[in-house]
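Asks: for reference, the sequence and a predicted model appear below.
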There are 2 protein chains.
Amino acid sequence: MYNKRLLATAVTIGSALAISTPALADDGLGDYRDRFEPLPHLPAIPADNSLTDAKVELGNMLFFEPRISSSGVISCATCHNPALGWTDRIPRATGHDGQIGERNTPTVLNSGFLGSQFWDGREPDLEGQAVGPIEADVEMAMDLDQALERLEGFEVYEQKFAAAFPDDEDPISADNLAHAIASFERTLNTPDSPFDRYLHGDLDALSDQQKDGMVAFVDNGCIACHRGPALTDSQFHRIQVPGSTDVGRFDVTGEESDRHRFRTPTLRNVAVTYPYMNNGATETLEEAVAIMGKEMLGRDFEEQTIADITAFLHSLTGEQPDYEVPALP
Amino acid sequence: MYNKRLLATAVTIGSALAISTPALADDGLGDYRDRFEPLPHLPAIPADNSLTDAKVELGNMLFFEPRISSSGVISCATCHNPALGWTDRIPRATGHDGQIGERNTPTVLNSGFLGSQFWDGREPDLEGQAVGPIEADVEMAMDLDQALERLEGFEVYEQKFAAAFPDDEDPISADNLAHAIASFERTLNTPDSPFDRYLHGDLDALSDQQKDGMVAFVDNGCIACHRGPALTDSQFHRIQVPGSTDVGRFDVTGEESDRHRFRTPTLRNVAVTYPYMNNGATETLEEAVAIMGKEMLGRDFEEQTIADITAFLHSLTGEQPDYEVPALP
């Protein structure tokens, strides 16, 4: 693409030496780029949960630990599967005894950049989120105390908890389990996507169509809610997607004004975290873009606009994070 | 340990220079070592399924692919979990809708060295084994044709199957799926355990107690069935462990003489593939050794013998194999 533009310019000014003029380094879309933020390598680290190697290592183990579920076979990684974009690629989560939950599993990737957790924002942070699925009847269906007892049965967990929380007399606790898992999750970020490289000045990192999609994304107002480094405002907006009767944040606050409100999902890695919407009923990115245009913006996007925005969204898939499949005790 | 033995010898012969005499390089257990075989890096490769990189890569993807289960969340790696010694560390397998199967999940590690597959040997090889759990109601509960249809929906699988089976017009087939998974599984071997290093001449690779355990293992006759590179004769022996009413190979052959017979399990990595026995009712290696002494050899092992043999069994844990958590489509 860069060569094509270069060639066009060179022809215009009649000299191949134009290569080195600074003006050529720009694609004229600086005003659009300025509306976005590249993804940092790490999100903000809370004051009460410093990010240490010991916590991350322990959190990595716990994330893959199925024995903190009542069946002994479901771990965080079952639904937040690293092979599937750290989600499950089915409409709604399937958990304990094959029960199917109400909502689509959000990816863990970049979740540290969200202002609240879960579709309804019922937890403010990853520390609050981490134990929810362990206890949820339709997910891991496990009593938290029993989970901790199982961990206490392993010497290596005694050591790893003590190393991660050296000031605690009883380091194997629900709080520390949540802090360790949250610490691990804060490392699961995907910087260096084509779009990040583009924002950092590599103007060839996006195709022409992807740039057209970025322009359409801004001009149509998608960016009103999908903004900031994770492309979400972390706010709650009213939406009823096809097939959903879910009341969303109303369940959390009991406020009528929160009925059918959901937190704006991140668009980072959206191409690899299908299906879409709170009920996971939307299979393709093209459908999702069309639905959002209609439901949120009151617009019937043209085919070309849908194709362009979809191409842009593909540029938000970043480098997958480092982690280890641990050797559990 | 080596130094201790060396010192004893040196004192006996009254000279520290004895270090270099060849006799000292031996621990006097050559006759015992000769009864064992180190684990090769690969098992025999069948004539009708050559081992190629393309098949192994595809098999690696399919092994982690949950969409070949009817729930969409259970893959081979769910029960054969690489974080848990490629098994599940629960008594009996838990599969579709939380159903609990009849038997303990065998590890995939070194399974290419087994003369037959499953506890009852109902399949002769990994190719035959691979599709069994996909179709089993209590495991992945999936119609095989439907599994193949799901795979056909992904372009990357079309490419990978075509690359792995270039001579096939319709490469996405049940046979090829089985061949690819079996090829991947044949690479999941654990050579270079302390015991292998010992057999290869590193006489310090085992502790004194582990050597005592090896001697007890041979002298008590464990080696009669647990022999060869995977420490199994791949034969079927009658055993009724505590709590089991499983008729074993009788289910396969209908022969009265096969009632309660099970294939000798491998002892490779036995320390990390607990719990034990066909019903998984035995939690510790010590208990397992005691039960086997009583049931199979008619002996009440002394505490010390149990401890020694257990120590020896710990030396059979090898280097964990290379594989990738794939990025699935």
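Replies: Happy to help now that I have it. Residues are numbered from 1 along each chain as shown, chains lettered A, B, ... in the order given.

Asks: list the contacts for residue A:80?
Replies: A:63, A:86, A:87, A:88, A:105, A:107, A:108 (Cβ atoms under 8 Å, 6 or more residues apart in numbering or on different chains). C-beta here means a position set from N, CA and C on the backbone, and glycine is covered the same way.

Asks: just give me the neighbour total for the fifth one.
Replies: To tie it back to what came earlier, the one meant is residue A:105. 27 (other Cβ atoms under 10 Å in any protein chain shown).

Asks: how near is it to residue A:93?
Replies: The spacing between residue A:105 and residue A:93, counted by Cβ to Cβ, to the nearest Å, is 5 Å.

Asks: who's the closest spatial neighbour of residue A:277, skipping the chain neighbours?
Replies: Nearest residue to residue A:277, sequence neighbours excluded (Cβ to Cβ, 6 or more residues apart in numbering or on different chains): residue A:241, at 4.3 Å.

Asks: so residue A:37 makes contact with residue A:223?
Replies: No - if you go by Cβ atoms under 8 Å, residue A:37 and residue A:223 don't touch, sitting 11.1 Å apart.

Asks: more neighbours: these two, which one.
Replies: residue A:223 (17 against 14).

Asks: the more buried one: what secondary structure?
Replies: Put simply, residue A:223 is helix when judged by DSSP: H, G, I helix; E, B strand; the rest coil.

Asks: for it, which residues are in contact?
Replies: Applying Cβ under 8 Å, 6+ apart, the residues near residue A:223 are A:35, A:36, A:217.

Asks: at 6 Å what do you get?
Replies: Contacts were defined as Cβ atoms under 6 Å, 6 or more residues apart in numbering or on different chains; by that measure residue A:223 touches A:35, A:217.

Asks: any idea how far chain B is from it?
Replies: Separation of residue A:223 from chain B (Cβ to the nearest Cβ, to the nearest Å): 28 Å.

Asks: phi, psi for residue A:276 please.
Replies: As for residue A:276, its main-chain torsions (degrees, to the nearest 10) stand at phi -120, psi 170.

Asks: the residue nearest to residue A:277: neighbour count?
Replies: When neighbours are defined as other Cβ under 10 Å, residue A:241 has 19 of them.

Asks: for it, give its distance to residue A:91.
Replies: Taking Cβ to Cβ, one finds residue A:241 at 12 Å from residue A:91.

Asks: burial count for the residue nearest to residue A:176 when sequence neighbours are not counted?
Replies: Distance criterion Cβ to Cβ, 6+ apart; nearest residue to residue A:176, sequence neighbours excluded, is residue A:165 at 5.0 Å. By the measure other Cβ under 10 Å, the count of residues near residue A:165 is 21.

Asks: touching, the residue nearest to residue A:277 and residue A:276? I think so.
Replies: No - Residue A:241 lies out of contact with residue A:276 (Cβ atoms under 6 Å); the separation is 8.4 Å.

Asks: burial of residue A:169, as a residue count?
Replies: For residue A:169, using other Cβ under 10 Å, the count is 7.

Asks: er, residue A:47 I mean
Replies: With other Cβ under 10 Å as criterion, residue A:47 counts 6.

Asks: what does the one 4 residues further on give?
Replies: Under the neighbour criterion other Cβ under 10 Å, residue A:51 is assigned a count of 16.

Asks: how about residue A:73?
Replies: Neighbours of residue A:73 using other Cβ under 10 Å come to 24.

Asks: again with residue A:200
Replies: Neighbourhood size, residue A:200 [other Cβ under 10 Å]: 13.

Asks: and the closest residue to it other than its chain neighbours, what pLDDT?
Replies: Spatial nearest neighbour of residue A:200, excluding adjacent residues (Cβ to Cβ, 6+ apart): residue A:38 at 5.9 Å. pLDDT for residue A:38: 97.

Asks: so what pLDDT did residue A:276 get?
Replies: pLDDT, residue A:276: 98.

Asks: sorry, back to before: what touches both of residue A:105 and residue A:93?
Replies: Joint contacts of residue A:105 and residue A:93 (Cβ under 6 Å, 6+ apart) are residue A:79.

Asks: what does the stretch 101-250 of chain A put close to chain B?
Replies: Counting by Cβ under 6 Å from any Cβ of the partner chain, the stretch 101-250 of chain A comes close to chain B at no residue.

Asks: list the contacts for the residue of the stretch 101-250 of chain A at minimum distance from chain B?
Replies: The nearest approach of the stretch 101-250 of chain A to chain B comes at residue A:141, 9.2 Å away (Cβ to the nearest Cβ). Neighbour list for residue A:141: A:70, A:96 [criterion: Cβ under 6 Å, 6+ apart].

Asks: count the neighbours of residue A:143 for me.
Replies: Neighbour tally, residue A:143, other Cβ under 10 Å: 11.

Asks: likewise for residue A:146?
Replies: For residue A:146, the count of nearby residues is 11 (other Cβ under 10 Å).

Asks: can you tell me which residues contact it?
Replies: Contacts for residue A:146 (Cβ under 6 Å, 6+ apart) come out as none.

Asks: got phi/psi on it?
Replies: Note on residue A:146: backbone dihedrals following degrees, to the nearest 10 are phi -70, psi -40.

Asks: do the same with residue A:248
Replies: With angles defined as degrees, to the nearest 10, residue A:248 sits at phi 60, psi -130.

Asks: surely it and residue A:262 touch.
Replies: Yes - between residue A:248 and residue A:262 there is a contact at 4.6 Å, judged by Cβ under 6 Å.

Asks: so what are the domain limits for chain A?
Replies: A:1-27, A:53-185, A:191-314 (automatic domain parsing).

Asks: tell me the spacing between the residue nearest to residue A:77 when sequence neighbours are not counted and residue B:77.
Replies: Using Cβ to Cβ, 6+ apart and skipping residues adjacent in sequence, the residue nearest residue A:77 is residue A:64, 4.9 Å away. Residue A:64 is 11 Å from residue B:77, where distance means Cβ to Cβ.

Asks: quick check: neighbours shared by the two?
Replies: Common neighbours of residue A:64 and residue B:77 (criterion: Cβ under 6 Å, 6+ apart): none identified.

Asks: can you measure across stretch A:152-171, start residue to end residue?
Replies: Distance across stretch A:152-171, first residue to last, is 10 Å (Cα to Cα, to the nearest Å).

Asks: and if you look at stretch A:272-281?
Replies: End-to-end distance of stretch A:272-281 (Cα to Cα): 16 Å.

Asks: what do you get for stretch A:108-115?
Replies: End to end - Cα to Cα - stretch A:108-115 spans 14 Å.

Asks: ok, now which ones touch the residue in the stretch 201-329 of chain A positioned nearest to chain B?
Replies: Going by Cβ to the nearest Cβ, chain B is nearest to residue A:328 of the stretch 201-329 of chain A, at 4.7 Å. Residue A:328 sits next to B:83, B:84 when contact means Cβ under 6 Å, 6+ apart.

Asks: ditto for residue A:161
Replies: A:171, A:172.

Asks: quick one: pLDDT of it?
Replies: 98.

Asks: and it, which of the three is it?
Replies: Residue A:161 ends up helix, using three-state DSSP.

Asks: ok so, going back, next, give phi and psi for the residue nearest to residue A:277.
Replies: Dihedral pair for residue A:241: phi -80, psi 160, per degrees, to the nearest 10.

Asks: ok, the one 4 residues further on next?
Replies: The phi/psi pair for residue A:245 (degrees, to the nearest 10) reads phi -120, psi 10.

Asks: now for it, how many residues are close by?
Replies: 8.

Asks: who are the neighbours in contact with the closest residue to residue A:285 other than its chain neighbours?
Replies: Distance criterion Cβ to Cβ, 6+ apart; nearest residue to residue A:285, sequence neighbours excluded, is residue A:310 at 4.9 Å. Residue A:310 makes contact with A:285, A:286, A:289, according to Cβ under 6 Å, 6+ apart.

Asks: host element of the nearest residue to residue A:239 once chain neighbours are set aside?
Replies: In this structure, residue A:239 finds its nearest non-sequential neighbour in residue A:295, 5.5 Å apart by Cβ to Cβ, 6+ apart. Using DSSP states H and E, the element containing residue A:295 is helix A:285-297.
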